[in-house]
Structure formats: C-alpha cells, structure tokens
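Peer 1: Below is the sequence, then the predicted model.
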Amino acid sequence: MNDEMLVSSQQFENDAMLHEHILESMDNGVIALDFEGKIITFNAAATRILGIPAEEAVGRYYPEVFFEYDGNDEFNDVLINVIYTRQTHLYRESAFVRKGGQTVPLAINSSLLKDERGQEYGVVSVFSDLTEIKKREFLQDTLTRYVTKQVVELILDHPESIILDGEEREATVFFSDIRGFTTLAERMRPKDLVAMLREYFTLMVEAVFQYQGTVDKFIGDALMAIFGAPTPQPDHAERAARTALEMKRMLIGFNQARLSAGQEPIRIGVGINTGHAVVGNIGSVQRLEYTAIGDAVNLASRLEGINKQYGTEIIISESTFRQLPDNILVRELDDVRVKGKHEPSKIYEIIGVQGELTAETEAGYAHFRDGLALYKQRAWDAATCEFQAALDMIAADKPSQLYLDRCRAYKQNPPSDDWDGVFEMKSK
C-alpha cells in the first residue's frame with residue numbers, strides 16, 4: 001500500500017470517528033435507514049428519547065424494532081413514507097409511545113441520504129423531544145400575564161425554581177383596592193367606569209412589575225399580587241412594601257389628572273402579609289389559575305380591609321414588618337383579632353421611606369408611639385396628651401384621633417382587669 005493510499009485510509013477512519021463523535025454528542029435523536037429499511041445509524045440521543053437501546057436497533061429492519069411498540073402508527077408512517085416517496089426535507093410532529101406507556105412529543109425532520117457521488121442510498125430522520133420546548137412555550141405564554149418579561153426570562157433560564165404544580169413556600173401576599181368604590185361606581189357611567197379601572201390597573205400593575213411581583217388576579221376593584229413566587233425572592237417583603245409606596249406615588253399624578261377633568265380623586269387601601277402559602281396552578285381540569293391559598297393570603301386580605309377602620313392606606317403584618325429594612329418607616333398601629341382568627345395579630349402602618357418626612361411629622365409619629373405605650377398601660381390621661389400632640393403635628397392623623405376617642409371612652413368606662421389591649425374586628 002503506497003503512502004497516498006495510507007493517508008486516504010487514515011483520513012477515512014478519522015472522518016468516520018469524527019462523524020460518530022458528532023452523532024453521539026447530539027441532543028437530537030438520529031435514525032438512518034437504507035432503502036430496504038435496515039437501521040444503519042441509531043445514536044445515543046435516539047436511545048434516550050425513544051427508550052430503545054442502540055444495540056437492539058442497529059443492523060435490524062425497522063419493522064422488527066418498531067412495530068412491537070403499540071400506538072405508533074403515525075410515527076412509523078413518517079419514517080417509512082420517506083423511503084417510498086423519496087421526499088426530502090419533510091417536517092412532521094408526532095408522538096412516540098415508549099414501551100412503558102410514556103408518550104413523548106417529537107419534531108421530526110426527514111431527508112434522503114446521499115453518498116459522495118450524490119447517489120441516494122437511504123433515509124435519515126432527526127428528531128427532538130418537544131416536551132421542554134412546549135413547556136417553555138406554555139410558560140412564556142402563561143407567565144407573561146402574571147409577571148414582567150425579565151422574570152419570565154429568569155424562570156425559563158432556571159425552570160427548576162418555578163412552582164406550577166403547587167408547593168408550600170414563604171411568600172408575601174399583597175392586596176389593594178379602591179376606597180369607596182361602590183359609591184364611586186354608582187355615580188359613573190359603565191363605559192367611564194371601565195375606562196377608569198383600565199387606566200388605574202395599568203398603573204398599579206406597573207408598580208407590581210417594577211418590583212418583580214406576580215399579579216395573581218383582579219377582583220372587581222381589587223388587585224392581588226404575590227412576591228416570592230413563582231421564583232424565590234429573599235427580599236419579597238421589601239418588594240411588596242416598596243410596591244405599595246410606589247402605588248401611592250403614582251396615584252398622585254393619577255388624581256391630579258382626575259381633578260383637572262372635574263372628577264373626584266380616589267384612595268386605595270393595601271394589606272400585606274408574609275407567611276407560608278400554597279402557590280401553584282390551582283383549579284379544575286377545565287380551568288387552572290396560578291394563585292396562592294392559605295392563612296397567609298386570608299390575613300393579607302383582612303389587613304387590606306382594616307385600613308377602613310384606621311383611616312390608613314398601607315397596613316402590614318408583624319411578619320412582614322420583621323423583614324423590612326430600617327429605611328422603610330413603619331409605626332406600630334394596634335393589636336387586633338381579625339374575624340375568623342383566634343390569635344391576635346400585631347399590625348403596622350408603612351408611613352414612608354427614610355429622608356422624606358419632615359422633622360415635625362417625625363416628631364408627631366414619636367408622640368403617637370409614646371401614646372400607644374401609655375395606652376397599653378391604661379394611663380389614659382397621659383396617652384391622651386401624646387395622641388393630641390401627634391394630631392397637632394400631623395393634621396387629620398386618623399389613628400391618633402381613633403386612640404383619643406378610645407382613651408376618653410376607657411376613662412369613662414374602664415376595661416375589665418383581663419383587658420389585653422387587643423381590638424376585636426367584627427367585620428372583614
């Protein structure tokens with residue numbers, strides 16, 4: 001054998017090895033058949049996707065291998081028809097039923113094999129498992145209704161972090177609604193009401209998305225959002241708190257436009273609670289909804305409603321308060337027992353962020369804090385002085401006025417000896 005023939009032989013072996021390495025490293029399955037239907041190539045991905053060992057396939061005729069797998073008539077037709085019709089670049093989608101009964105959705109590209117002289121000698125089919133592709137498409141289509149595009153991309157890049165089937169996870173649940181909405185709605189034409197809500201919710205959703213929250217649902221004039229799901233967020237409580245403050249800021253411009261148009265401004269109430277909730281796609285076979293359920297959700301809803309009692313806008317639970325950074329300013333508001341729960345809950349009001357309050361306003365909140373401590377000690381007169389001082393510095397501070405009224409009432413009719421300072425909420 002001369003040197004040229006040795007080089008040619010070595011090149012052939014090298015090319016064959018290269019082709020084999022390429023086939024074995026591919027994510028797509030590859031099956032090649034000659035025109036008699038004998039399997040000449042069956043790579044590792046084909047084994048992984050179809051569940052058929054390569055040694056059971058290569059060298060055998062296609063019907064011997066595949067016809068014993070029930071439910072695959074369509075899949076078999078795709079490959080066999082190419083042999084008979086000699087069609088090139090044929091694309092089909094078909095499911096393959098593995099021996100254990102598992103169905104795998106496949107995208108199949110089939111074309112003719114040609115040798116170095118251009119002579120046709122068989123068929124090659126390249127197929128990919130559509131399971132992950134379809135899951136990604138489903139997530140992208142579904143999740144864009146709930147979360148920002150950035151969060152969708154994060155979920156798609158790290159699918160192991162997503163909750164869809166239902167899982168208990170610590171999250172922060174957020175409820176907001178429009179104060180006095182029923183009265184407002186009665187004075188508006190339906191068309192104008194819908195237009196107002198569309199404009200309002202566009203702003204509110206923008207605030208939720210700004211802090212990568214998940215919009216759960218709209219309930220009339222109410223909005224429910226989740227922070228910390230479907231992707232984990234270690235600072236989910238802070239994100240929810242800053243969302244509420246951003247909503248308040250956005251409402252300033254919204255209400256200015258309404259006033260300029262001769263319309264009355266709107267106010268909102270927000271309730272935020274941090275706790276363990278079951279989150280995921282919950283519902284029936286006919287209709288699933290990505291949501292959260294559990295006591296953490298119920299308490300957040302109750303806190304939103306409690307704003308009416310205190311004349312406040314943003315009330316949070318103690319569990320949320322404990323996870324907030326110091327630059328979010330919060331005041332303790334009360335100990336309440338909400339309807340449907342036996343254990344009392346300590347509630348707080350978010351009043352702003354560090355640096356935005358005037359010195360007089362900060363002093364007013366300090367008087368409120370001292371007044372609350374005296375109130376719990378039943379020092380009605382001293383507490384009254386502190387709450388009055390708070391009112392003098394923070395005009396129309398409704399919590400201070402509420403406590404003034406309580407102090408006066410308790411001074412006239414002192415509570416029983418077992419009074420624990422907890423206020424009983426009689427309504428939701």
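Peer 2: Done, it's in.
Peer 1: burial count for the closest residue to residue 100 other than its chain neighbours?
Peer 2: In space, residue 100 comes closest to residue 51 once its chain neighbours are excluded; the distance is 7.2 Å by Cβ to Cβ, 6 or more residues apart in numbering. Heads up, the C-betas are built off the backbone N, CA and C, glycines and all. When neighbours are counted by other Cβ atoms under 10 Å, residue 51 registers 15.
Peer 1: Mind jotting down where the strands sit in the chain?
Peer 2: Taking DSSP state E, the strands of the chain run over residues 29-34, 39-42, 90-97, 103-114, 120-129, 167-178, 214-219, 222-227, 268-283, 288-293, 314-317, 328-337, 345-353, 422-424.
Peer 1: Quick one, which of those gets closest to residue 413.
Peer 2: strand 422-424 (15.5 Å; Cβ to Cβ).
Peer 1: Test my guess that the residue nearest to residue 100 contacts residue 97.
Peer 2: No. The pair formed by residue 51 and residue 97 falls short of the contact definition of Cβ atoms under 8 Å, at 9.9 Å.
Peer 1: residues shared between the contacts of the two?
Peer 2: Common neighbours of residue 51 and residue 97, counting by Cβ atoms under 8 Å, 6 or more residues apart in numbering, are absent.
Peer 1: how about the strands of the chain, which one is nearest residue 184?
Peer 2: strand 167-178 (7.0 Å).
Peer 1: Just want the phi and psi numbers for the residue nearest to residue 100.
Peer 2: phi 80, psi 20 (degrees, to the nearest 10).
Peer 1: Can you give me the neighbour number for residue 90?
Peer 2: 17.
Peer 1: Tell me how far it lies from residue 84.
Peer 2: Using Cβ to Cβ, to the nearest Å, residue 90 is found at 12 Å from residue 84.
Peer 1: picking up where we left off before, so which of the strands of the chain is the most packed in?
Peer 2: Of all those, strand 314-317 carries the top mean neighbour count, a mean of 27, counting by mean count of other Cβ atoms under 10 Å.
Peer 1: which other residues reach that strand?
Peer 2: 241, 244-245, 248, 269-275, 299-300, 303-304, 306-307, 324, 330, 333, 345-350.
Peer 1: Send over that strand as PDB, restricted to the C-alpha atoms.
Peer 2: C-alpha atoms of strand 314-317 as PDB (Å, rounded to 0.1, in the frame of the first residue of the first chain):
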ATOM      1  CA  ILE A 314     -50.900  50.600  53.900                       C
ATOM      2  CA  ILE A 315     -51.200  48.100  56.800                       C
ATOM      3  CA  ILE A 316     -48.700  45.200  57.200                       C
ATOM      4  CA  SER A 317     -48.400  42.200  59.500                       C
END
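Peer 1: I'd like the average pLDDT over that strand.
Peer 2: Mean pLDDT, strand 314-317: 98.
Peer 1: Then stretch 266-276?
Peer 2: 96.
Peer 1: Now do it: distance to the chain's middle.
Peer 2: 17 Å (Cα atoms, centre = their mean, to the nearest Å).
Peer 1: Can you add distance to residue 359 and give the strands of the chain back as JSON lines?
Peer 2: Formatted as JSON lines, those follow (distance: least, Cβ to Cβ, whole Å):
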{"stretch": "strand 29-34", "distance to residue 359": "72"}
{"stretch": "strand 39-42", "distance to residue 359": "79"}
{"stretch": "strand 90-97", "distance to residue 359": "69"}
{"stretch": "strand 103-114", "distance to residue 359": "66"}
{"stretch": "strand 120-129", "distance to residue 359": "65"}
{"stretch": "strand 167-178", "distance to residue 359": "30"}
{"stretch": "strand 214-219", "distance to residue 359": "38"}
{"stretch": "strand 222-227", "distance to residue 359": "33"}
{"stretch": "strand 268-283", "distance to residue 359": "27"}
{"stretch": "strand 288-293", "distance to residue 359": "41"}
{"stretch": "strand 314-317", "distance to residue 359": "22"}
{"stretch": "strand 328-337", "distance to residue 359": "13"}
{"stretch": "strand 345-353", "distance to residue 359": "13"}
{"stretch": "strand 422-424", "distance to residue 359": "31"}
